[in-house]
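Chemist: sequence first, predicted coordinates after that:
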Amino acid sequence: MSAKLVQGYEVVIGFETHAQLSTQSKIFSRAPTAFGAEPNTQACAVDLALPGTLPVMNLGAVERAIELGLALGSHIAERSVFARKNYFYPDLPKGYQISQFEIPVVQGGEVAFMLGDEKKTVRLVRAHLEEDAGKSLHEDSSLGGGGQSGIDLNRAGTPLLEIVTEPDMRSSDEAVAYAKKLHEIVTWIGICDGNMQEGSFRCDANVSVRKPGAALGTRREIKNLNSFKFMQQAIDYEVRWQIEEIEDGREIQQATVLFNPDTGETRAMRTKEDAADYRYFPDPDLPPLVIGRDWVERVRAEMVELPWVMAARFCADYGLPEYDAATLTQSMAMAAYFEATAKACGQPKLASNWIMGEVSRRLNSGELAFAQLPVSSTQLAALIGRIADGTISNNAAKQVFDALWSDGDEVDAIIDAKGLRQMNDSSALEAIIDEVLAANAKNVEEFKAGNAKAFNALVGQAMKASKGKANPAQVNDMLKQKLG
Amino acid sequence: MTELHHLGVAELAALLQTKQVSAVEVATRFLARTGGNPHNAFLDIDSEVTLAQARASDAKLANGSAGPLEGVPIAHKDVFVTKDLVTTAGSRMLNGYRSPFDATVVARLRQAGMVTLGKLNCDEFAMGSSNENSAFGPVTNPWNTAHVPGGSSGGSAAAVAARLTPAATGTDTGGSIRQPAAFCGITGIKPTYGRASRYGMVAYASSLDQAGPMAHSAEDCALLLSAMCGPDLDRDSTSLDVAAEDFSAGLGHSLKGLRVGVPQEFFGEGLAADVRSAIDASLAQLQAQGATLVPIALPRTELSIPVYYIIAPAEASSNLSRFDGVKFGHRAADFADLTDMYKKTRAEGFGQEVKRRIMTGAYVLSHGYYDAYYLQAQKIRRMIADDFQSAFAQCDVIAGPVAPTTAWKLGDKADDPVASYLADIFTLPASLAGLPCMSLPVGLGDGGMPVGLQLIGNYLQEAKLLNVAHQYQLATDHHKQQAGAAA
């Protein structure tokens, strides 16, 4: 593999991603996890760390961790251990965070994805369960202000899965492609809603640079990247900054940095010298998490078909090219829509073309999700059926699709109402073509003189004269015959 | 009829069930006994709360919906959180704190019909063995008020011994039920770790803390323990999934053939002569009742001291981090910034011994020391537990002294924390192993101070311990002797 070099430097990136797990209640309490509630309305005695409260494991969070492990081919630890990470901060109610330290629940595994035409694999170190902290609300917030800070503990105790990779990525493009793939996987298997704005999926990127073949450089960790765009910008900026530092003869200090989207720069938050001693030790309130094979198999049996498994099946069962299968399985909703359409119309390639083409284009321009698609798979299948049987042209089909999109009627009724049926009667077409040839003698002459463009003009005229109902292929054939 | 305040739980329950006395009468008598707060045993009393509960008990007794212990008063060590009374854990940090919920143990005893008499003084956050570490002043020993009552459940032991309450809850982390029970001449039991829910107990050392009853007799302890124990899996992950048990049902077995293991390490040089002679006499009594004495070895007994004083402070240093002035409890009045707020709040809120243990705990968990201290201590802890299993291959229960001496004088060890740590030597091993263990009075030592015999059983064998103690108490009357202050 040849790494892409930046000014003669190789870029090395590893990721730590915090995926908020889609449980109804918190990881160690029964308080709800819904986003956006009034401050401190979703925090119970346990979340507030009131004296005498104790954590009790939410098994739903464990199951989601198992699902990720199964999806990525990881080892699911039969016994993993919760530890306390001790530090003082006002939004950390217990004065320690419950996390997994020495023995995480998910160990190893890999994420495979395409970077352009190249297949890439990023190895996972681990994925561990932990609880989120609350939020500090400083000036200008509903709780803070007046020189005081407020604390909102709604988020305290929200279940997180921290997914850690090896430093396997060699460019910001590859890093973003990895992050997108991981995002696709966690949302596909349904363990995380993937909402990056709300912080459900946030990435920390460990970035370093080195001369090819040299030992790993000192890394700086860019925290809390919550959009793919910022991720790319931040890494690119950081790489340039590090190379400049080194070129200027300065050493990189290990640090945690934040990306400022307004300036497009990263800035150090704290350096290694401030690194706290977290005094990790196994949490005596929680016995080791024991996951028997039977539990893993139960979870496996209930898991959805994974995207790459489904893509392979699309190739095998529907004869789709790999590219189509990979594109259609980028989201569960799209894949399901394709499969329903393909089954109903019996034209999988046409269905694929339409979904990757017109359907996606319309969704993107309206910034809509698949769930909001106003055209049902049954309607699209009926439309494709009419293309396949020659009733309408592809162009006419787009008009039908527009009609379906805006007021969603029955396909044949739209075709009739708009008079879009193709002219399959060759004697009527012949009459039109004769008229066109007679009226465009100049084009005919030019064509005969060797100007190919003139032929296209004649096709256009014939289509226009038929009010778009003529079958373009038939027009072509007939014109060629006549001009012979 | 004996005066009400001299009666135990079983006797009071019987009188109440047969309506020979009302719950309000009983509550009124005990509330009167607490007037002036003898021995500084109580930290909070609210007669309105107590009498309202007593009236509700009388209604239940009248309509036939009474619980087994309906109307019998009990007072709670102040580490159990309570909705209706203040909970301080003996600390300035929680001065005036009210919990929005009751501890599971408190709720279960209420469910059984018991009436809450108040909250009992203890060493701050249950750290101590003399009750001198309470932010609200020491408790005095009803047998001689110049002496400590033991700790950390010193208020519980003194209140029962002085007949201020017929029963109390205590918590035992390294001996905090057994040692004050021994020092005050009462009976107390710490069940197997996980038997009683820790939900609602202000945590000291999570892997060791366990609740238990303190009362006049093994028979009373059996009644109380039956009501307290049982799974609480939705609230406490370390709660054992073992059904509640009627410990009173197992009290009628003869001691014939019982093998009593006597660990030689419990009878070494450090054991005071007066304690030794009372213990020897009690062992002879068990023999007389048909038991055989089996010499056993618990070779790591001495190591239990450093092991405990690493693990317990480590857990405590983390458990007490939540007391930061942000959400509840004490907050310093003036501070410059966040760090200053933390520092001042904790400097003002915690007492000396608590600070000492937080610092010890933070030290043994810190980077570079964790392996040498905490991890090593955990390894030895497992070996100590294994030693007990070897011992139980040879015997049914283990018996020995609770403490090397009787209750010392107030102030005697106040300036020497290590001396008081060393005095925990006989109670720590069973705590580290998580085994059930109890203390019962077996006579008086020098100066008329009580001596306690410790019984240790294998996991979940509380019934066996209680039976041995009950059989002993049927044949003797040490548990009926009263402190001078109890009249």
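Modeler: Received the coordinates, thanks.
Chemist: contacting residues for the closest residue to chain B within chain A?
Modeler: Closest approach between chain A and chain B, counting by Cβ to the nearest Cβ: residue A:95, at 2.4 Å. The C-beta positions use only the backbone N, C-alpha and C, and glycine is treated the same way. Residue A:95 sits next to A:49, A:86-88, B:318, B:320-322, B:324 when contact means Cβ atoms under 8 Å, 6 or more residues apart in numbering or on different chains.
Chemist: show the buried residues in those residues.
Modeler: A:49, A:86, B:318, B:320-322, B:324 (16 or more other Cβ atoms under 10 Å in any protein chain shown).
Chemist: okay, and which of the residues you listed map to helices?
Modeler: Residues of these located in helices (DSSP state H): residue B:318.
Chemist: closest to residue B:458 among the buried ones among the contacts of residue A:95?
Modeler: Residue B:458 lies nearest to residue B:318 out of the buried ones among the contacts of residue A:95, by Cβ to Cβ, at 30.3 Å.
Chemist: how close does the residue of chain A closest to chain B get to residue A:85?
Modeler: Distance check for residue A:95 against residue A:85: by Cβ to Cβ, to the nearest Å, it reads 10 Å.
Chemist: and for residue B:6?
Modeler: Distance, residue B:6 to residue A:85, using Cβ to Cβ: 53 Å.
Chemist: in which helix or strand does the residue lying closest to residue B:271 once chain neighbours are set aside reside?
Modeler: Using Cβ to Cβ, 6 or more residues apart in numbering or on different chains and skipping the chain neighbours, the partner closest in space to residue B:271 is residue B:404 (5.3 Å). Here residue B:404, judged by DSSP states H and E, is contained in no helix and no strand.
Chemist: OK, contacts around whatever residue of the stretch 201-350 of chain B ends up closest to chain A?
Modeler: For the stretch 201-350 of chain B and chain A, the shortest gap (Cβ to the nearest Cβ) falls at residue B:321, measuring 2.4 Å. Contacts for residue B:321 (Cβ under 8 Å, 6+ apart) come out as A:86, A:88, A:94-96.
Chemist: the residue nearest to the spatial centre of chain B: what's it in contact with?
Modeler: In chain B, the centroid-proximal residue (Cα atoms, centre = their mean) is residue B:177; its distance is 2.3 Å. Residue B:177 makes contacts with B:153, B:156, B:170-171, B:188-190, B:212, B:214, B:439, as judged by Cβ under 8 Å, 6+ apart.
Chemist: rebuild those as a markdown table, extending it with distance to residue A:391.
Modeler: Below are those laid out as a markdown table (distance: Cβ to Cβ, whole Å):
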| residue | distance to residue A:391 |
| --- | --- |
| B:153 | 89 |
| B:156 | 90 |
| B:170 | 88 |
| B:171 | 83 |
| B:188 | 91 |
| B:189 | 88 |
| B:190 | 86 |
| B:212 | 85 |
| B:214 | 91 |
| B:439 | 94 |
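Chemist: out of those, which comes closest to chain A?
Modeler: Nearest to chain A among the contacts of residue B:177 is residue B:171, at 11.4 Å by Cβ to the nearest Cβ.
Chemist: state the distance from the closest one to residue A:233.
Modeler: On the measure of Cβ to Cβ, residue B:171 and residue A:233 end up 56 Å apart.
Chemist: more neighbours: which of these two?
Modeler: Taking neighbours as other Cβ atoms under 10 Å in any protein chain shown, residue B:171 and residue A:233 compare with residue B:171 leading, 28 against 18.
Chemist: any stretches of the stretch 1-150 of chain A with poor pLDDT?
Modeler: A:1-3, A:139-147 (pLDDT under 70).
Chemist: near chain B, which residues of it?
Modeler: Within reach of chain B by Cβ under 8 Å from any Cβ of the partner chain, the stretch 1-150 of chain A has these residues: A:45, A:48-57, A:84, A:86, A:88, A:90, A:93-96.
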